[in-house]
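Undergrad: Provided below are the primary sequence and the corresponding predicted coordinates.
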Amino acid sequence: VVGLSDVRAARVRLAGLVPASPCISWHLPVNGGPELPAVHLKCENLMPTGSFKVRGATNAVALLAQSGGASGVVTASSGNHGQAVAFAARRVGISATVVVPEDAAAPKVEGARALGAEVVTAGLTSGARIDRAQALARERGMPYISSFDHEAVIAGQGTIGLELLAQVSGLRRVLVPIGGGGLIGGISLALKEIGSGVRVIGVEPEGSACALAARRAGGPVSLEAPRTIADGLRTTRVGELTWPLIERYVDDIVTVPEDAIRRATAALARFAHLVAEPSGAVTTAALLCGAVAVEPGTACVVSGGNIDPALLAELLAAA
Ligand SMILES: Cc1ncc(COP(=O)(O)O)c(C=O)c1O
């Protein structure tokens, strides 16, 4: 199982390959009334390839390269992990094959191709693309790197927890989006095992809440048709590795409605001057819609910024 020592080792491995992301303090826009306490935005949208995924992918590929042998890797992704794997693979000179859904966001597909990846499309659900990618990996005799259910990926994402502790004095709680749970699994493990006492709150779209469903059922369950604008969070099922981490370390899971995700994406662009994709805006959405109260010492992970420009224009025009 992945532990704090793996997250610490990932931090050392990533040094010089992946920068720390900036963490900025921001006041939520209020219409009249007193100013709210500042919140801290952990800007993973500003990372190379535009999301936190570069951490886990770089850690996993670096470990593979160390042990030698792999001429290429295969993955399944809504797009961000695919770009990150392509980025990491190109750096060590191996090939990357990325299986994306038929409705993948154009910038994510273009990004992976521009980084030299072979892009294959399969179905609309995370289950369909994972099956296809695992079959391809077997056919080609290449390792399959899950976007969330992989120890090195979880450890890499956990480095965000270590950075937050160094960047935010008085950190009391962190809001983290949940797709398959690699991001929150790594962050919560790091924050809890280090003994920080920081609360970790997971955020899911109302229409795609597989972690909340797992918590209620007492174990992973499959959603039939997740529906949300947050394409990175349209995961049908939490992972076998990530579920025990969520169960053990995540204090609370809240859901946010679609209109709050849309408004938060626009608010981040207009008022924080950050381009976030809907999946990256769910944490701010939780504060904006009141699912989580704004209190001092709160950080939101803005997990990615790869939004289709046409969608961003639509959301800004509606704001
Ligand atoms: C921008 C963004 N945020 C959050 C997530 C969710 O990450 P995880 O699957 O590790 O929970 C993803 C996954 O694709 C993503 O692309």
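TA: On my side now, so go ahead.

Undergrad: and residue 278, what does it touch?
TA: By Cβ atoms under 8 Å, 6 or more residues apart in numbering, the residues touching residue 278 are 228, 229, 230, 231, 232, 261, 262, 265, 307, 311. C-betas here are computed from N, CA, C, even on glycine.

Undergrad: ok, residue 24 next?
TA: By Cβ under 8 Å, 6+ apart, the neighbours of residue 24 are 40, 41, 43, 272.

Undergrad: now the strands for the protein?
TA: 23-26, 39-43, 72-76, 95-100, 118-121, 173-177, 199-205, 252-256, 298-302 (DSSP state E).

Undergrad: and those strands: which comes nearest the ligand?
TA: strand 173-177 (4.1 Å; Cβ to the nearest ligand atom).

Undergrad: what lines up beside the closest one in the sheet?
TA: Sheet pairing for strand 173-177, assigned by DSSP bridges, gives strand 199-205 (parallel), strand 298-302 (parallel).

Undergrad: contacts for that strand?
TA: Contacts for strand 173-177 (Cβ under 8 Å, 6+ apart): 42, 161, 164, 183-184, 187-188, 191, 198-204, 230, 232-233, 251, 279-280, 282-283, 286-287, 292, 295, 297-301, 303.

Undergrad: likewise stretch 128-147?
TA: Counting by Cβ under 8 Å, 6+ apart, 53, 56-57, 60-61, 64, 70-78, 81, 85, 97, 99-101, 120, 122-123, 153, 179-180, 182, 239 sit against stretch 128-147.

Undergrad: near the ligand too, which of these?
TA: Within the set of the contacts of stretch 128-147, contact with the ligand (Cβ under 6 Å from any ligand atom) is found for 78, 81, 179, 180, 182.

Undergrad: please list the residues of the stretch 101-250 of the chain that sit near the ligand.
TA: Counting by Cβ under 6 Å from any ligand atom, the residues of the stretch 101-250 of the chain near the ligand are 147-148, 177-184, 232-233, 235.

Undergrad: perfect, I'm done here.
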